Structure formats: structure tokens, C-alpha cells
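**Q** Sequence and predicted model, in that order:
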There are 2 protein chains.
Amino acid sequence: MEKIYRVIAIGGAILFSVISTQSVMAQSEAVEAARYYYQGNGADIINHYKEYLKIPNVASDISNIRRNAQYLVDEFEKRGAKMELLELPDRKDVPPVVYGEITVPNAERTLVLYVHYDGQPVDPTNWSHNPWSPKLYSKSMEDGGKPIAFPQLNQQVDPEWRIYARSASDDKAPVPTLLATLDALEASDIALTSNIKFFFDGEEEAGSPHIRQYLERYKSKFKDGDLWVFLDGPKHQSGRPQVVFGVRGITGLEVTVYGPRRPLHSGHYGGWAPVAGQMMAELLSSMKKESGQVLIDGFYESTAPITEADREAFATLPDYNDQIRKDLGITWSEFDGQPLIERYMYPTLTIKGIKTGNVGKKARNVIPKKATASLGIRLAKGNNPEAMQELVEAHIREQGYHIVREDPSMATRLNNKKIAKVTREKGYRATRTSVDNPMAKQIVGAVADASDDEVILYPTYGGTLPLYHFTEILNQPLVIVPIANHDNNQHAPDENIRIGNIWYGIETYSSILTMK
Amino acid sequence: MEKIYRVIAIGGAILFSVISTQSVMAQSEAVEAARYYYQGNGADIINHYKEYLKIPNVASDISNIRRNAQYLVDEFEKRGAKMELLELPDRKDVPPVVYGEITVPNAERTLVLYVHYDGQPVDPTNWSHNPWSPKLYSKSMEDGGKPIAFPQLNQQVDPEWRIYARSASDDKAPVPTLLATLDALEASDIALTSNIKFFFDGEEEAGSPHIRQYLERYKSKFKDGDLWVFLDGPKHQSGRPQVVFGVRGITGLEVTVYGPRRPLHSGHYGGWAPVAGQMMAELLSSMKKESGQVLIDGFYESTAPITEADREAFATLPDYNDQIRKDLGITWSEFDGQPLIERYMYPTLTIKGIKTGNVGKKARNVIPKKATASLGIRLAKGNNPEAMQELVEAHIREQGYHIVREDPSMATRLNNKKIAKVTREKGYRATRTSVDNPMAKQIVGAVADASDDEVILYPTYGGTLPLYHFTEILNQPLVIVPIANHDNNQHAPDENIRIGNIWYGIETYSSILTMK
């Protein structure tokens, strides 16, 4: 019962109505079954995982990537799933989406589980071992772990062990975890409570260039999906369980303002010629205060408001803000020190770069002919990328600028006092499921139920993933449930997974797949 | 008489009292003698000049630079000057100052004539000819001039001819001009009216690194100087005679402001972490409006006021401002289009460069850790370089910054909210003789008298020359009297002098050396 109260403290009254005592009892049974299973079959699970990790999985390595796809088909078919390779017509050179279904009688809902089976490209010379020859260590290399042999059948497995291999965490780890979860529930004769659909993406680390084509072509397969659960990413560094409800969107612009059409001697023309850097400084200052507030009309208007549920979610997160500031060597942050997690809920305007003339040893006594600024915009829920770019451009116009898309001609120069070239970057929207979405709250309840630690609810990551393709095309809610250790060297050499995190995953997935 | 009235129109009533009808008559006689002389001896003058131009004169080429010095000693001794090489003790590796004196019975004053005998280094591969093998052209190369033979004795000389060679204009041209002037006055038995001292600088183009040592060591030789006349530089592009009364000073600063101590992911930290580029934009905008006005407290306070005489001088200058703006592709200039010449009378603050993060293809979704701006300051008369830097720093402090001289340590970071590293550049003051200085006005009168065109009075050049060494150490007024054609390719390949400009110089110098 202790756990229930903890969940209540997080999610508030609405959550309480969803998680009945009965369902918690059922989930606990599943979690216990999971624990019993990996304790008895730990060596087998990780030896099987070793074989999967041996198959190279860079998206461009098409023959190997298809070996990975076939592995998924074979293994999930063994567990009774109906598997299928989704292909684009005449595109055998593109990694297929591995699709699967497990249909459950009287299912409460349909969950779509997303995993990506490709991994980041590697430079083997930076690795301690061949990234496709999995190695077991007694603990993390940083903590002085030593290589050890993979375990014999029935040998006891230490949760601190780590497997080092490409994609060990990102994002093959959910595969042995799901397989063991299905085996554990089967072994204890516990039924799934949801229909399951699998979506294994084969080119996430390559930027998912065909994801929209796949989703549009095969969207009927997912039309009955109630919730997407993205099984990807590392857990919070505190090690506490975590559910994430979305990611920020992104766009940007590059702005160039013009002075004289050639660089001028600062003696012959200084104090008379317009100075592009000064114009840019004035323009940028008119857009935003250094203290954080964006001054562009309407910039915050389209943003979804922060709800009481969001604030309750913020409260689940340890307040690391002072510690982060100290680590970064700063005594302040924007918006009077408001917490990072809260600022994720608003759009941002960030100067990524300014270039005019030169500084340091290259500085010359010259008035530069132009100044360029690269502006990054992160989007919160509700913000449309093009509409945000429009607002920025409207603001630039209000400052007296004529906007062009190419460097101005002499005619353009002589017909306009101030000229700004604006280049728009592509963008995509934020994706965020409400923290109090009923389906998402069931997931939170299930995750909470699998752990003794309080669940961290992250209304949104600060970063950006192309999740909007899924929500735009399918219009279904999603959550992200990470299981990997935070120090997994994701995207880097010596990527690894801590065995205990797979065990955590088996417990968590068992809880999710059996939630009422 | 026509000329007198023109001069009166320029200089006003005070000038009228200086230039009596009698003195104008005497000067006209000298100018006529000059004209008569070069018309009869033109071929001889330029053939002699050719020999002088053959001696390479880069300051670091010490054996050749000393051959140049010896040439000056020999040629001026032939005209009765008492010549001397001024040396620094045990520094035969340094170009000497060539000093000379012509003492005149009952002289009205002592003029010190400055010329530099070294020239800019050359890259011969960019020249149409060897820069030390003078070539005569029928007119400028740009206007389709063709190489022609140097003239035979008594052959007629066309004033449009040009000699191409390093230093043909900058700054050997005054040497044949002075020699011919002395010969012309001697031939017509016209006496000089001023004592003359010569100061031939041998390392001006190398930045005059030993000029202060020379001036301090030998200042007693110049203590009776009434006015320095700098014989250097090109005339105004209108071709009209010109007298310049000074140059602007210069200094500068580089300012770096700091955000987090490492670059941060703009997703994970955007909207929360301080953005160095935004801080810099706000700081720079607080210093100056893009429309021109510097907002730093006291920035204009120490500046010498513009006098009525200065305004009369401005009026001698053709108003090219609209034409320059059009050429530069701009429809406006700072301070509501005030003329360039007027803005030369005020200190400037110019952003020479800003660098933070990256733009264009190198732009990344990163919050940069710092932003740097290079600020140039041109000084007007009255401004002290260090005091101006102090004002800028005081302003930076007023914006809440703690100023450091090195990148901040963690302790400094954690003890100060905003930190700016300021690096001060060396600087030197403006040098400017009042337009209504009586001695300077005599020079204007003499220059006016040698030409049918109205004299352009330039209270100051916009650029900077290290003239302040002379005025600081000797405290004597100075003017600059240029004779070279404006299109002389000074400091560039294919430097040249138009023969007509030497003729103009002989007339002008004759007028100056005989002014009452």
C-alpha cells in the first residue's frame, strides 16, 4: 500500500481514481513473476542478448540491418506475436519497419510499443573492444570494472555487471527485456491486459528519413492504437523510474543585416557609416532581454498553459538547478532562476551565433559590411514552427527592416533604409501528451508499481526527437519509458547497459503489459 | 587679385589681415619662377628623379635604406643645406633620420619640413614592372597609358605622364620637388623667407618604431621650429589644393562576456542558461544607438568644440556625402546624415567584430560559452586614449559587469553574476592644429596663391598617423600639405606619380618657402 500513497502524492486525486487496490495487486503479481523469472534465467537472458548484439546495426549497412530485422521477426514469433516486415515499394535498400501484433482476448486497450533497432555509426578505433563483439564487465569501466566471462547456465548474475557493445542501451536493450517479459508472464501464466503492436524502427539514428512514408503507407495498422509507448533513452541520473510525456519542437532563422556594400576603413568612415554589428546588437536586444524574456509580440501566446498536473509533475523532479548552475560556473539563470523543467514548457529564442568582422588577432580597423546571427527556437506545445518564424519576421519589420531572401541588389539597397536577409530553417512542432491523460496515467501507475522509488514525471524533455511524425499522422498520445542507465555512453564509444537496468525493465514492462 | 578674394572667402577676416597684397605679389613671382624653371628643366628633373627611385627603400633593407639617406645628404648639400645623419647610439641597423638646415638671414620663421624616405614593402610579382626600375607612361595605366622612354634633355614634358615605381608618390615625390624648388628660386635669385629644417624619416612605413627616441634625443635641434609642414599624402580627389590640419587618434578594446563554462545543448538548456550573445547584444546596445549616438557617460565631453573657423573649413570641401552613400549602397549615415568631415571632429565607437558560436553551415544547436566584441575608438582632439577606455569600462561596470583581465576562474565565476574580460589596445591621441592658427594660415595663403583652384581645408583626416609623437615631444603646430595625385596606388602595386603633380608641388613649395 505504501506505493499507492506515493503515486497519489505525485499524480493527485485523478490518479487515485485510476489505480484501484485491485489492479495494484495484479501488477504486483506480475512484477514478482518477472523478478522470479530473471533471477532463475538471468544467464540465459544475457547470453541470448549477446548473440543479438553481435549483429551490426548501422542503418546504412543494409544486409546486416536486415539480419537484425529478421532476428526480431524470429524471436517475437516464438512468443506468439504475428510479425511482418513493412517495406516501401521497390526500396529493399531501406531498413524495413518490423511490425508485430499480439492480440489479447478482452483487452482493455491497444498499446503500440516503439523501439529502434538500428544504432549510431561507430569508429571502432575509439572503442576498448570491437563494438560488435559484446564484452561483459564486472561493473562500469569508469568504476574499475574488469572483463569477465559471460555466465554459465544457472550461474548467478550480478546486476552491476555491464555489457559493452554498440546499441547495448540505445536501443537494443528493450528487445531482450520485452522477450524476457513475455517469457516471464507466460511462465507464471499471467495474461496480458492490452493488445500489443510493435513498431521497430530501422533508421532512427539516421534521422528516420522514411518514417513519414512508412506511417502514411501503413497507418491503418495503427488506427486502433490507444497509446504509443516509446521504449528508448536513459533514465534520470538519480536512477529513479521516469516517464516522459513529450519533447520540444525546433526551428530557427538566420538573419543578416547590411551596412555599406564593402568593408570600410574605420578611420576614413568611422562615426559616419552605418555599423552592421551595431544594427544587429540593437535588433537582437529588441527581441529579447538577457534576463530571458522574449519581447517579440505574441511569442508566448500560442503556448499551451502549464496545468496543475504539470506543476505536480515538476514536483516529482529533484531540484538540481543550483547544482547545475554551480557546475556550469554561473550564479544565475534566465527568468530569475525558474527551474529548467518549467522553462521547457515555453518556447525559447537562443542566439547560437553572431558573426561580423573579426575579433582577436584577426580584428582589423574596418567597418564590416554585414552582420549575421543564427537564432535557434525551441518550441513548446501549441507553437507552430512557421507561425513562430512569422512572428520573428514581423518583429524585424517593425524595427524598420525590409526583409529579403537573398543578398540585396544595389536597387534594393537604394530603395530601403535597413535590410535584413532572413533564412528560415525547417522545423517541427513539439509533441506532448498531457500529464493527466488517462491512458498515460495508467502507464505512470504501472511504472510506479514496479519500483520502490518515486516516479519522476517529465512533462517534456528539453531536447527534440521527431515524435511529431507519429502524433501528426496518427493523432494518438504517447509516453516515453526509459530503462537504460544514465551513464550508458549512448552515441559514444564503449556504449553499455547495466544488467540491473534490464531487470528493472523486465519488472516495469511486466507491470505495463498487465495493467488493468 | 582674384586669388586674394578667393582666399578671403575661405579663411575669413583673420586671414585677410595676414596676407597683404605685397606678400601675394612676392609669392606670385616665386610661383612664376617655379613654373619657368620646370618648363625649361622638366626632362632633367624627372631623369634625376628616376635615379633616386632606383634605390630600394624598404626600411628593413638597411644597406639600401642608408644609400637613400646618403642621396638626400648629397643632393641637399649641393643646394647649400647643412646635412647630417641623426643616429641612435650603436644602432647602425636602424634607418637614420636625415636632418638638414638652411639658415636664411632675417628669416620670418623656422619651418620644419617632414618627408619620409622609406617606402612600403613590395611583392614584385604583383607589379607590372620591377618596382625599383622606374617606368614612364604616357598617362595612367587605367586610362590606357603606354610605356614611353624617359625624355631627352630639353624634350617637352607632358604633365599627364606618370612615373611608375615604389615610393614615386609616397613619399619620395617631395624630394625632387624640393630640390627643383630650391634650384628654381636660386635661378631667379629669389630669397627664402624662412629658415628651413629638414626631417627625413627612414621608417615611417615600418610604423616609425624609433621616432620617439629620435625626437627625444635630438629635440634641441627643433626647439626653434615654428611650424612643421608634413610633405606627404595624396591631394583630394577633386584635384584641388589641400591643407590638412591634423589626424584622428585611435584606441580600442576587446570585450568578452561569459555564459556557462562549457557550450550547452540548446534543447537541454535553452530558455534557462544565460546566452552570452544576448548579453553582448544588450551591452553593445547600451553603449550606442545604431543611429550613431554613443550613450556612454562623458564620451563626448573631452572633445574640443567645433569653431566657426572649422565650419568655414568644412565649407571649402565639396559635399560628396550623397555620392559616397550611393556608391556604398546605403541611403543613410549616422547622425542623420551629418557630413563625414564634421563627424571626424568627434570620437567614434565602432564594432569591428563580434564572435559568438557559429553561423551558416557551422551553426550548431548549442548555447555558446562566451561572446567577444572588438571595439574600435577613433579619437578627436582633446580625447585621452586611456581616459576614453576608462569611460567604456565604467559603462560596462554600470551594466552590472565585474571586469577581469583574464578568463575568469571558477571562484571568480561563482562570486560574480556577470563577468566581462576587457583587453585594452594601445592608443594615441589625435593631433590637430587649429584652422585659425596664424602660422598655419600663412601656409594656407601660400598654397592658395600657387593655384587657381580654391584650397580645401581639412581640419582633420579621418585616419590616424603617429603625428602625436611630434606634437607631444615638441609642442609645435603642424600642417600636412599633400601634392600627389589621389590615384597614385599608394601602398599598392604600380604606385605612380603624375608629373603634373610634381609641377604643382614645385609651385606650391616655392610659394611656401617665399611667403612673407
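**A** Cool, the structure landed.

**Q** can you list the residues of the stretch 401-516 of chain A near chain B?
**A** For the stretch 401-516 of chain A, the contact set with chain B under Cβ under 8 Å from any Cβ of the partner chain comprises A:408, A:410, A:413-417, A:461-464. Where you see a C-beta, it was placed from the backbone N, CA and C, and this is true even at glycine.

**Q** Out of those, which two sit at the greatest distance?
**A** Checked with Cβ to Cβ, these reach their widest spread between A:Leu414 and A:Tyr461, with 48.6 Å between them.

**Q** still on that earlier bit, take the residues of the stretch 401-516 of chain A next to chain B and lay them out in CSV including distance to B:Trp503, secondary structure and neighbour count.
**A** What follows is those, written out as CSV (distance: Cβ to Cβ, whole Å; DSSP: H, G, I helix; E, B strand; the rest coil; neighbours: other Cβ atoms under 10 Å in any protein chain shown):
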residue, distance to B:Trp503, secondary structure, neighbour count
A:Pro408, 45, coil, 19
A:Met410, 39, helix, 11
A:Arg413, 41, helix, 21
A:Leu414, 40, helix, 13
A:Asn415, 46, helix, 12
A:Asn416, 47, coil, 17
A:Lys417, 46, coil, 12
A:Tyr461, 79, strand, 22
A:Gly462, 75, coil, 21
A:Gly463, 75, coil, 18
A:Thr464, 73, coil, 23
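
**Q** Mind putting these into CSV with pLDDT?
**A** Shown next, in CSV, are those (pLDDT from 0 to 100):
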residue, pLDDT
A:Pro408, 98
A:Met410, 97
A:Arg413, 98
A:Leu414, 97
A:Asn415, 97
A:Asn416, 98
A:Lys417, 97
A:Tyr461, 94
A:Gly462, 93
A:Gly463, 88
A:Thr464, 86
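
**Q** Ends of stretch A:149-166, what's the gap?
**A** Across stretch A:149-166, the terminal residues are separated by 18 Å (Cα to Cα, to the nearest Å).

**Q** now swap in stretch A:115-132 and tell me
**A** This stretch, stretch A:115-132, spans 19 Å end to end (Cα to Cα).

**Q** what about it, distance to the chain center?
**A** The chain centre lies 20 Å from the centre of stretch A:115-132; the measure is Cα atoms, centre = their mean, to the nearest Å.

**Q** pLDDT of that stretch, averaged?
**A** For stretch A:115-132, mean pLDDT is 93.

**Q** Likewise for stretch A:298-316?
**A** pLDDT averaged over stretch A:298-316 gives 97.

**Q** And for stretch A:398-406?
**A** In this model, stretch A:398-406 has a mean pLDDT of 98.

**Q** near chain B, which residues of the stretch 1-150 of chain A?
**A** Residues of the stretch 1-150 of chain A lying near chain B (Cβ under 8 Å from any Cβ): none found.

**Q** Helices of the stretch 1-150 of chain A, start to end?
**A** Along the stretch 1-150 of chain A, counting by DSSP state H, counting those that start in this stretch, helices occupy A:2-11, A:13-18, A:21-53, A:62-78.

**Q** do the stretch 201-350 of chain A as well
**A** A:211-218, A:266-269, A:276-287, A:308-314, A:321-328, A:334-337, A:340-343.

**Q** In a markdown table, list the ones you listed along with mean neighbour count and distance to chain B.
**A** Formatted as a markdown table, the helices of the stretch 201-350 of chain A follow (neighbours: other Cβ atoms under 10 Å in any protein chain shown; distance: least, Cβ to the nearest Cβ, whole Å):
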| stretch | mean neighbour count | distance to chain B |
| --- | --- | --- |
| helix A:211-218 | 16 | 19 |
| helix A:266-269 | 24 | 3 |
| helix A:276-287 | 24 | 3 |
| helix A:308-314 | 19 | 13 |
| helix A:321-328 | 15 | 4 |
| helix A:334-337 | 15 | 6 |
| helix A:340-343 | 21 | 4 |
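
**Q** Let's have those in a markdown table, adding distance to B:Ile480.
**A** Shown next, in a markdown table, are the helices of the stretch 201-350 of chain A (distance: least, Cβ to Cβ, whole Å):
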| stretch | distance to B:Ile480 |
| --- | --- |
| helix A:211-218 | 70 |
| helix A:266-269 | 14 |
| helix A:276-287 | 31 |
| helix A:308-314 | 70 |
| helix A:321-328 | 55 |
| helix A:334-337 | 53 |
| helix A:340-343 | 60 |
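
**Q** So which of those is nearest B:Asp322?
**A** helix A:266-269 (14.9 Å).

**Q** Does anything pack onto the closest one? Which helices or strands?
**A** Counting contacts by 3 or more Cβ pairs under 8 Å, 6 or more residues apart in numbering or on different chains; DSSP states H and E, helix A:266-269 packs against strand A:366-367, strand B:370-379.

**Q** where among the ones you listed is the average confidence lowest?
**A** If the helices and strands packed on helix A:266-269 are sorted by mean pLDDT, strand A:366-367 sits at the bottom with a mean of 94.

**Q** ok, residues contacting it?
**A** Residues from elsewhere that reach strand A:366-367, judged by Cβ atoms under 8 Å, 6 or more residues apart in numbering or on different chains: A:259-260, A:263-266, A:269-270, A:273, A:275-276, A:357, B:350, B:352.

**Q** I'd say A:Leu328 and B:Tyr258 touch.
**A** No: A:Leu328 is beyond contact range of B:Tyr258, at 10.4 Å (criterion: Cβ atoms under 8 Å).

**Q** Next up, the contacts around A:Gln156.
**A** Neighbouring residues of A:Gln156 by Cβ under 8 Å, 6+ apart: A:Gly42.

**Q** Swap in 10 Å and give it another go.
**A** A:Gln156 makes contact with A:39, A:42-43 under the criterion Cβ atoms under 10 Å, 6 or more residues apart in numbering or on different chains.

**Q** I appreciate the help and will end here.
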